[in-house]
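Participant: the following block contains a protein sequence and its predicted model.
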Amino acid sequence: MRASIRVVPVLLVVLSLALLLAPMRARSVPLYAARTGLMCQSCHMDPNGGGIRNEFGFAFAKNRHMLTPEDSTSRWSTLDVTNRVGETMPLYFGVNQRFMLLANQHRSADRPERIGFFNMESEIHLAFQPHDRLTLVYTTDGFATAPQNTVRSKEAYGMFRGLPWDGYFRAGRFRTPFGLRMDDHTVATRNGFGDFGTGGTFLPYDPRNPDMGIEVGADKNNWFGRAAFTDGASSVFSGSPNAEAKTAKLGYNHPWFQTAASIYDDFLKNGTQPQTRYRRYGLYGLSHYQKFAFIGEVASGKDQAYDYTNPVPVTTDTKLLAWFGEVDYAPRRQYNARVRYDWTSLNDGAPQAAKEAAQYVRYSIEGEWVPVPFAELRFSFRYLDPKDPAQDIERQAFIQFHFSY
């Protein structure tokens, strides 16, 4: 049974790729890339997606996440706005706020344990593009260092293009190019979904936060590649003082599908005891068919601790495995419905009892409504089921108000 479960992620990716044999309709979060067949960089300044939009991406958002303009009968068909200040002042401006009403309850509880409001992010984006080969990006988030609530920079990098194969180089603070840049950091292959009970995360870093370093990338004949060298968990001023995180991604994008493989490696070999090495491997696939979009990712990893303080060196390995798959359906431009399945094992190489104690499943049903351009309401109902019968089942629900420009 367990072997068949592990085959499912591979089948999911293969199924997404196999959809190219069916007739597709041309129509970027990964959902929009899956729906349109475009690369995330088609809409964003960041080659890996997310953050401030370029002019094409701004028009896509203005049209409520569709490539085609609003119908002439819509009151929004004559909306004439832009995110660029002017031709001789090439400043792009953007905002992004996610505000939530969150509730959760374990099965053993007789009433909800949490009901309250939570501000996920309140970002202001700025980008300068004096010419088509230089881009400077700066993002602040007023809630990044709560509870102090002091403004802190998030993305802050300079990027120039003109390298071979439509290549680029950037330096500064940016999010590492491992896997998909999801707008939901709780999927199994990212932070995971054990916020209130299970604990533990799949990635050794928080995907919501940038790292510091350099990155190169290129795109040629539908192939794309990324490579980054960053600090990872080290700090040049304390702890492990040497930058050690390496990230690489190689993928292929077609109007009908996209797939890519990634690797992340971070070795804290100085200033820590035991020395620790984090490795992650990932494979994702995106596709679409008519009004449906499909997203799937499978990832594995190993955390290795090397303790050389003992007379006989000791090595401890922790293996991890995670995957998720989702299907989205958009009957009209302002609506989207989603079902998602997440599975994670945070101690996959342990004896059976310990292994099951770190295995979790989540079922999600979500809906999104874009009543007006640049405003979205998301509804989510989630059911978290631990493999270990001694752990309690948890139910979560939230309403998210997302405003962006």
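Facilitator: Looks like it came in fine.

Participant: show me where the stretch 301-405 of the chain dips below the pLDDT cut-off.
Facilitator: Scanning the stretch 301-405 of the chain for pLDDT under 70 picks out 311-313.

Participant: the same query, at a cut-off of 90, please.
Facilitator: 305-317, 349-358, 387-392 (pLDDT under 90).

Participant: ok, the strand ranked longest in the chain: who's next to it in the sheet?
Facilitator: Longest strand in the chain, counting residues (DSSP state E): strand 114-131. The strands beside strand 114-131 in its sheet (DSSP bridges) come out as strand 91-106 (antiparallel), strand 134-141 (antiparallel).

Participant: could I get those strands as a markdown table with distance to residue 212?
Facilitator: In short, each C-beta sits where N, CA and C put it, glycine included. Below are the strands paired with strand 114-131 laid out as a markdown table (distance: least, CB to CB, whole Å):
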| stretch | distance to residue 212 |
| --- | --- |
| strand 91-106 | 21 |
| strand 134-141 | 14 |
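
Participant: pick the most buried one from those strands.
Facilitator: Highest mean neighbour count among these (mean count of other CB atoms under 10 Å): strand 134-141, with a mean of 20.

Participant: need the contact partners of that one.
Facilitator: 45-46, 51-52, 121-129, 151-161 (CB atoms under 8 Å, 6 or more residues apart in numbering).

Participant: list buried residues within those.
Facilitator: With burial judged by 16 or more other CB atoms under 10 Å, the buried subset of those is 45-46, 51-52, 121-125, 127, 129, 154-157, 159, 161.

Participant: which parts of the protein are helices?
Facilitator: According to DSSP state H, the chain carries its helices in the segments 2-18, 30-36, 55-62, 352-356.

Participant: let's test this: name the helix or strand in the protein with the lowest mean pLDDT.
Facilitator: helix 2-18 (a mean of 40; mean pLDDT, DSSP states H and E).

Participant: show me where the stretch 301-405 of the chain has its strands.
Facilitator: Secondary structure of the stretch 301-405 of the chain (DSSP state E, counting those that start in this stretch): strands located at 314-329, 335-345, 359-372, 375-386, 394-404.

Participant: turn those into CSV, including distance to residue 265.
Facilitator: As requested, these are exported to CSV (distance: least, CB to CB, whole Å):
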stretch, distance to residue 265
strand 314-329, 14
strand 335-345, 20
strand 359-372, 25
strand 375-386, 30
strand 394-404, 33
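
Participant: out of the strands paired with strand 114-131, flag the one nearest residue 184.
Facilitator: For the strands paired with strand 114-131, proximity to residue 184 was assessed by CB to CB; strand 91-106 is nearest, at 10.3 Å.

Participant: restricting to C-alpha, output the closest one in PDB.
Facilitator: Coordinates of each C-alpha in strand 91-106 appear next as PDB, following Å, rounded to 0.1, in the frame of the first residue of the first chain:
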ATOM      1  CA  LEU A  91       9.200  53.500 -12.000                       C
ATOM      2  CA  TYR A  92       6.800  50.600 -11.400                       C
ATOM      3  CA  PHE A  93       4.600  50.600  -8.300                       C
ATOM      4  CA  GLY A  94       2.700  47.700  -6.700                       C
ATOM      5  CA  VAL A  95       1.000  46.700  -3.400                       C
ATOM      6  CA  ASN A  96       0.000  43.400  -2.000                       C
ATOM      7  CA  GLN A  97      -2.000  42.700   1.100                       C
ATOM      8  CA  ARG A  98      -3.400  39.500   2.400                       C
ATOM      9  CA  PHE A  99      -5.700  39.700   5.400                       C
ATOM     10  CA  MET A 100      -7.400  36.700   7.000                       C
ATOM     11  CA  LEU A 101     -10.100  35.500   9.300                       C
ATOM     12  CA  LEU A 102      -8.800  32.200  10.600                       C
ATOM     13  CA  ALA A 103     -10.500  29.400  12.700                       C
ATOM     14  CA  ASN A 104      -9.400  26.000  13.700                       C
ATOM     15  CA  GLN A 105     -10.600  23.100  15.800                       C
ATOM     16  CA  HIS A 106      -9.300  19.700  16.800                       C
END
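
Participant: and residue 289, how far from residue 256?
Facilitator: Residue 289 sits 9 Å away from residue 256, going by CB to CB, to the nearest Å.

Participant: compare neighbour counts for these two and give me the winner.
Facilitator: residue 256 (20 against 15; other CB atoms under 10 Å).

Participant: distance check, the more buried one against residue 264.
Facilitator: Relative to residue 264, and taking CB to CB, residue 256 is found at 28 Å.

Participant: over to residue 351?
Facilitator: As for residue 351, its distance to residue 264 is 27 Å (criterion: CB to CB).

Participant: now residue 374
Facilitator: 33 Å.

Participant: comparing the two, which residue is more hemmed in?
Facilitator: When neighbours are counted by other CB under 10 Å, residue 374 and residue 264 differ, and residue 264 comes out ahead with 26 against 16.

Participant: for that one, list the residues it contacts.
Facilitator: Contacts of residue 264 by CB under 8 Å, 6+ apart are 176, 178, 203, 204, 245, 246, 247, 278, 279, 280, 281, 282.

Participant: so in terms of bridging, what pairs with the residue nearest to residue 269 when sequence neighbours are not counted?
Facilitator: Of all residues not flanking residue 269 in the chain, residue 275 sits nearest, at 4.7 Å (CB to CB, 6 or more residues apart in numbering). As for beta bridges, residue 275 partners with residue 306 under DSSP bridges.

Participant: the chain should start at 41 in everything you say after this.
Facilitator: That works, and once the first residue is 41, the last one we named lands at residue 315.

Participant: hmm, residue 315 is touching residue 354, no?
Facilitator: No: Residue 315 is beyond contact range of residue 354, at 11.1 Å (criterion: CB atoms under 8 Å).

Participant: got any residues that touch both of these two?
Facilitator: By CB under 8 Å, 6+ apart, the residues touching both residue 315 and residue 354 are 346, 347.

Participant: run a quick neighbour tally on the residue lying closest to residue 423 once chain neighbours are set aside.
Facilitator: Sequence neighbours aside, residue 403 is the residue nearest to residue 423 in space, at 4.6 Å (criterion: CB to CB, 6+ apart). Neighbours of residue 403 under the rule other CB under 10 Å: 13.

Participant: what do you get for residue 378?
Facilitator: Neighbours of residue 378 using other CB under 10 Å come to 20.

Participant: list the residues that contact it.
Facilitator: The contact partners of residue 378, taken as CB under 8 Å, 6+ apart, are 366, 367, 368, 369, 404, 405, 406, 407, 408.
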